[in-house]
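Trainee: My questions concern the predicted model and sequence given below.
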Amino acid sequence: MNNKQLIFKKRPIGLPEQDTFELQTNPVPELKDGEILIEQHYISLDPAMRGWMNEGKSYIEPVQIDDVMRAGSVGKVIKSNNHPKFKEGDFLTGWGGVQQYTVSDGANWYQVDPKLAPLPMYIGTLGMPGMTAYFGITEVGKIKEGDVVLVSGAAGAVGSIVGQIAKIKGCTVIGIAGGAEKCKYIKEELGFDGVIDYKSENIYSGLKRECPKGIDVYFDNVGGEILDAALARLRMHARIVICGAISQYNNKVAIKGPSNYLSLLVNRATMQGMVVMDYAKDYGKAAMEMGGWLMQGKLKSKEDIYEGIENFHETFLRLFSGEKMGKLVLKVKED
């Protein structure tokens, strides 16, 4: 059996180009005792993948040259060689990488039920992006009823869930997104209280209009100028959650830091980074609560699915061009 694999070939400077990766077809190795073979159905495409391509100190080791590109995935066990926990027919989610098949000893793979939710949701709302949103806004943002919550990247996989959780918890939620279609989606479909279209209006005047009394919590997915603008409108004891900085990931020059940071001092505010892996022991609890909200119709999940492992590069670039809505997913199982 052959396996199409996306191999990481060189560290990009700026936006990854086609030759950052090489699509190879390699034989699937024989299973050792205690191993399973997983046929991957869907691959998760996340902004964090861009950071994993860089050499240097981070919260996770960089992807090594000539390795399969790291990615979250969901798939089905099609072969088991005496695995103690997983059997043929089980559906699992884990770190399968950008490839059609993966061999594993089962470590860091978790069983999911396709009857309870569609498979792509397990790498979206019920996967890493959903967990990031849940713990970022509840544990780091420490939201409470009545807070004014500002979310950037509000139509994305994480931001769209952050805003909805904040609404469920009784907050006023303002979303920042790019383009009329995304702004309409978060206002009309997701129920945000206000929107700012950073592509068509000045971010400072948009914040003045939508957050006239300031911000209690800012959930930042983009960094750069939007972070700077949010800092200028903090209320006393505000909390800023640094989840990502997608506007800066493909910089060819040094990352631009915030110039309005003294607002943290004046308002006794806090700015804290968050990495979802720190909350792994509580994923089950979060998934139960979010699953309940999904069933009650309080939480909406949107997956933007594209097909074909050979289309990885152009699909991945949609993360940075903004040409997607909700969670970006690549279907790799060939029908």
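Mentor: Perfect, thanks for sending it.
Trainee: Just want the most central residue of the protein.
Mentor: Centroid-nearest residue in the chain: residue 129, 3.9 Å away (criterion: CA atoms, centre = their mean).
Trainee: ok, that one - contacts?
Mentor: By CB atoms under 8 Å, 6 or more residues apart in numbering, the residues touching residue 129 are 44, 46, 123, 157, 158, 161, 327. For glycine as for every other residue, the C-beta is placed from the backbone atoms N, C-alpha and C.
Trainee: Report how many residues lie close to the closest residue to it other than its chain neighbours.
Mentor: Distances taken as CB to CB, 6 or more residues apart in numbering place residue 157 nearest to residue 129, at 3.9 Å, with adjacent residues excluded. Using other CB atoms under 10 Å, residue 157 is surrounded by 32 other residues.
Trainee: likewise the one 3 residues further on?
Mentor: As a burial measure, residue 160 scores 33 neighbours (other CB under 10 Å).
Trainee: That one: which element?
Mentor: Take DSSP states H and E as the rule and residue 160 turns out to sit in helix 159-168.
Trainee: so for that helix, what's the average pLDDT?
Mentor: Mean per-residue pLDDT for helix 159-168: 98.
Trainee: And for stretch 200-216?
Mentor: Rounded mean pLDDT across stretch 200-216 is 98.
Trainee: so how far is it from its chain's centroid?
Mentor: 25 Å (CA atoms, centre = their mean, to the nearest Å).
Trainee: And the contacts of stretch 71-90?
Mentor: Against stretch 71-90 from outside (CB under 8 Å, 6+ apart): 31-46, 49, 91-98, 102, 105-106, 109, 111-112, 119-120, 122-123, 127-128, 333.
Trainee: And it, what's buried?
Mentor: Residues 71, 72, 73, 74, 75, 76, 77, 79, 80, 83, 86, 90 are the ones in stretch 71-90 that count as buried (16 or more other CB atoms under 10 Å).
Trainee: and the third one, what are its bridge partners?
Mentor: Read it as residue 73. Judged by DSSP bridges, the bridge partners of residue 73 are residue 43, residue 94.
Trainee: For it, give its distance to residue 334.
Mentor: Residue 73 sits 15 Å away from residue 334, going by CB to CB, to the nearest Å.
Trainee: Run through the helices of the stretch 151-300 of the chain in chain order.
Mentor: 159-168, 180-184, 203-210, 224-231, 262-266, 283-296 (DSSP state H, counting those that start in this stretch).
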